[in-house]
Structures are given as structure tokens and as C-alpha cells.
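Asks: Below are the sequence and a predicted model for it; my questions follow.
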Amino acid sequence: MKNNGVDKVIEVFREKDDFLITAHVNPEGDSIGSQLAVRNILKKLGKKACIVDHDVVPDNLMFLPGAELVMKSLPADLAPGAAVVLDCPVKERVGRVSGGLERAPLVVNIDHHVSNEYFGDVNWVEPQASSVGEMLFRLAEKAEVEIDKDLAVIIYTAIVTDTGMFNYSNTSRETHRVAGELIRLGVDPKAVHGEIFEKRSLPEVRLLGRALTTLKVESGGKLAYMFLTRKMYGEEGVDSVSTDEFINYPRSIKGVEAALFFKEAGDPEGSVNVSFRSQGRINVNEVAATFGGGGHKQAAGCLLKGGIEEASKNVLAEVKKALEDAC
Ligand SMILES: [Mn+2]
């Protein structure tokens, strides 16, 4: 477990010429934003870089400069000098792109998850950082790479999404310093917010409605959870929508200590995405880890094989146990 730090990452960025960039499956603002930020920085250093992801970029992040360049499969002739893995606690979380990591002689792991397994040849992990975006701002400052408006918008998006709009406990004085700098560099917070959070599709809002009808509260009001099934997607005539915010509804109920959201995944089929949130009394990173996942103390996730009912039963039992021990 060696944390090499930002300087070593900058050294690799300067030394190698050709980079593969990737991040975790089921992408959101920080994983997309941090990949685009690394690409932007590498381009300014005169390097070649391509981004390959297991999933497509969510619609609400397509406004980000460079989002259209994210590829879904590895180019056949890809032979990168290094791979950069972002916002990813374990190597397996890159999904299908893991084949690309094997083709790279050097893997750089940049992350802020406390559960990070230091799987890179070079590791830079800062669990106290709000987002990988925030870390990359400091990298750009240190490397003296120009932070133009495009890069500022990309990093701001990573921060605003991973902090739940500066709401979560990972929001620090440093987070606000960076956000302030980004505004000075040209970010319009209202415009970015509008792009990310106020262009919901009708099916997305209706799917939230369907998920909310499954909402249950147990453990004497301390546990709230809900489901989203593939059948519900079918009923709304859509295949994928951004569901990042859904977990906030069970989480926001008065008295709830732990919130869970179970979502049947389309790819790989027959698997279930689980999101965990805690108000601080239980460590959901530990609970998610017992199911092969991880994340942060108050926000974590895992991917389970099998049907949603069976998957949820096991997870709910573990969370209830943790609640009994802690509360
Ligand atoms: Mn993140």
C-alpha cells in the first residue's frame, strides 16, 4: 500500500506519451469529469490520450467539453504507455476496460475512496478530498497547466456532483476554495447546475415516481430503502436514465440513519446495483465491502449478481445488524 502522491503522477504524465484513461462502471459526474480533466491536462502537456468506459456518458453530462470523445470499446491497435484509472477503489470496477489495463505497462490509480486497494503501479489516494476533480485541480496547479474555462467547468461538475451540491460531509474549506477559484476562472454555477440537475427527462422523473412507490421504512424508522427494476424502465419506454439523485429521497426522511437503493442493472444483465448512504452512525463502506463493494464511510456501493429480491434480502440483513450495533 504505497501512496506515491501527486508529484509522482505529474512525473508519469510528463514521461509517457500515450495514455488510456478510464473510470468506474455506472459513471457519474466525478468519474466522467475526472477523466475529461485528465485528458484536458495531458493534451496541454502535448500527450496523446483516449478515454474508454464500460458505460456511455449519462445524458446530463454530455454538455461537458470532450464528452463526445468517450469511447465504449478499446481501439484494436491500442498500446498505451500508461493507463490512468480514476475514481475507482478496486481495479475490477472498470468493468470491460480491464483488458485495456493489461495492455498498459504502467497503471496510475488516482482516487479519493477510503476503500481504495492501491492496485496501481503509481497510486495517489486522498480520502479526505471531496472528489477526484478537486484533486486534479491541485494537480493542474502544481504542474502549472493552464486551467481554462473548459477545464474549470469539468472540475466544477465533478465537485458539485460528488458533494451533492456542497451538502455532504466531504465538503471542506478546501473544496470551497477550489470552487471559488473555478468561478474566478469563468465557471457560471447557475448554468452548470442547470445543465446537470435541471434538464431531467420526463421518463426520469416518472421512474423516480415508480421507485418511490416501493419505498419502505424499517428498523424503527432508521432504515429506508427502495427499488428500481428493469420492468419499470420498460414501462417508461427507456433503457437508461441518470438515477444518481434517487437515493437522496430515502436518505432525507426524518430519523433515517441508513438509506439503500437497489437498481437492476442493464449491463451486465442479471445484476443489481446497490447504493448505500449513512448519516454517520454506521460505516456503509464496511457493509458494502462485505459484498465486494466499497466507497466512503457515509456513501458506498456494490454490484451483486442475481435477482433483486435475493440480493436485497442479504444486504438489508447486514445493514439492520449494523444499525442494531450502532444505534
Ligand atoms: Mn468520486
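Replies: Cool, the structure landed.
Asks: where in the stretch 51-200 of the chain is pLDDT low?
Replies: For the stretch 51-200 of the chain, applying pLDDT under 70 flags no range at all.
Asks: residues of stretch 214-232 that come out buried?
Replies: The neighbour-count criterion (16 or more other Cβ atoms under 10 Å) identifies 219, 222-229, 232 as the buried residues of stretch 214-232. C-betas here are computed from N, CA, C, even on glycine.
Asks: scratch that, stretch 313-327
Replies: Neighbour-count burial for stretch 313-327, counted by 16+ other Cβ under 10 Å, picks out 315-316, 318-319, 322-323.
Asks: Name whatever forms a beta bridge with residue 49.
Replies: residue 19 (DSSP bridges).
Asks: ok, it to the ion distance?
Replies: Between residue 49 and the ion the computed distance is 20 Å (Cβ to the ion, to the nearest Å).
Asks: Let me have the buried residues of stretch 313-327 in a markdown table, adding distance to the ion and pLDDT as columns.
Replies: Listed next are those as a markdown table, based on distance: Cβ to the ion, whole Å; pLDDT from 0 to 100:
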| residue | distance to the ion | pLDDT |
| --- | --- | --- |
| 315 | 22 | 97 |
| 316 | 25 | 98 |
| 318 | 23 | 97 |
| 319 | 22 | 98 |
| 322 | 23 | 97 |
| 323 | 25 | 97 |
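Asks: Where helices are concerned, which of those residues count?
Replies: Cross-referencing the buried residues of stretch 313-327 against helices under DSSP state H gives 315-316, 318-319, 322-323.
Asks: Helices along the stretch 151-300 of the chain, start to end?
Replies: Remark: helices assigned in the stretch 151-300 of the chain by DSSP state H, counting those that start in this stretch are 173-184, 189-197, 202-212, 230-236, 248-251, 284-289.
Asks: Give me the residues contacting the fourth one.
Replies: Yep, that's helix 230-236 we're talking about. 203, 206-207, 210-211, 239-241, 264, 266 (Cβ atoms under 8 Å, 6 or more residues apart in numbering).
Asks: mind checking how far residue 161 is from residue 180?
Replies: Residue 161 sits 18 Å away from residue 180, taking Cβ to Cβ, to the nearest Å as the criterion.
Asks: swap in residue 67?
Replies: Taken as Cβ to Cβ, the span from residue 67 to residue 180 is 25 Å.
Asks: ok so, going back, between residue 161 and residue 180, who's got more neighbours?
Replies: Using other Cβ atoms under 10 Å as the criterion, residue 161 and residue 180 rank with residue 161 on top: 24 against 11.
Asks: What helix or strand is the residue in the stretch 1-150 of the chain positioned nearest to the ion located in?
Replies: Residue of the stretch 1-150 of the chain nearest the ion, by Cβ to the ion: residue 30 (3.4 Å). If you go by DSSP states H and E, residue 30 is part of helix 29-44.
Asks: That helix packs against which elements?
Replies: Helices and strands touching helix 29-44, as assessed by 3 or more Cβ pairs under 8 Å, 6 or more residues apart in numbering; DSSP states H and E, comprise strand 18-23, strand 48-51, strand 82-86, helix 132-143, helix 149-162.
Asks: Rebuild the ones you listed as a markdown table, extending it with distance to residue 58.
Replies: Shown next, in a markdown table, are those (distance: least, Cβ to Cβ, whole Å):
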| stretch | distance to residue 58 |
| --- | --- |
| strand 18-23 | 13 |
| strand 48-51 | 14 |
| strand 82-86 | 16 |
| helix 132-143 | 16 |
| helix 149-162 | 10 |
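Asks: of all the ones you listed, which lies closest to residue 61?
Replies: Closest of these to residue 61 is helix 149-162, at 7.1 Å (criterion: Cβ to Cβ).
Asks: which parts of the chain sit against the ion?
Replies: Applying Cβ under 5 Å from the ion, one finds that the chain approaches the ion through 30, 87, 131, 162.
Asks: again, 6 Å this time
Replies: 30, 87, 112, 131-132, 162 (Cβ under 6 Å from the ion).
Asks: Which of those sits closest to residue 9?
Replies: Of the residues of the chain next to the ion, the one sitting nearest to residue 9 (Cβ to Cβ) turns out to be residue 132, at 11.5 Å.
Asks: thought that closest one was touching residue 32?
Replies: No: Residue 132 lies out of contact with residue 32 (Cβ atoms under 8 Å); the separation is 10.6 Å.
Asks: Could you tell me which residues touch both of those two?
Replies: residue 158.
Asks: Residues in contact with stretch 115-125: which ones?
Replies: 1-6, 8-9, 12, 85, 89-91, 106-113, 127, 135, 285, 288-289, 294-296, 300.
Asks: Only C-alpha atoms, please: export that stretch in CSV.
Replies: Extracted in CSV, the C-alpha atoms of stretch 115-125 (Å, rounded to 0.1, in the frame of the first residue of the first chain):
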residue,chain,number,x,y,z
SER,A,115,-11.6,1.7,0.4
ASN,A,116,-9.0,2.1,-2.4
GLU,A,117,-6.9,-1.0,-2.8
TYR,A,118,-3.8,0.7,-4.2
PHE,A,119,-3.9,-1.5,-7.3
GLY,A,120,-1.8,0.8,-9.4
ASP,A,121,1.9,0.9,-10.1
VAL,A,122,1.6,4.5,-9.1
ASN,A,123,-1.1,5.4,-6.5
TRP,A,124,-2.4,8.8,-5.5
VAL,A,125,-5.2,8.4,-3.0
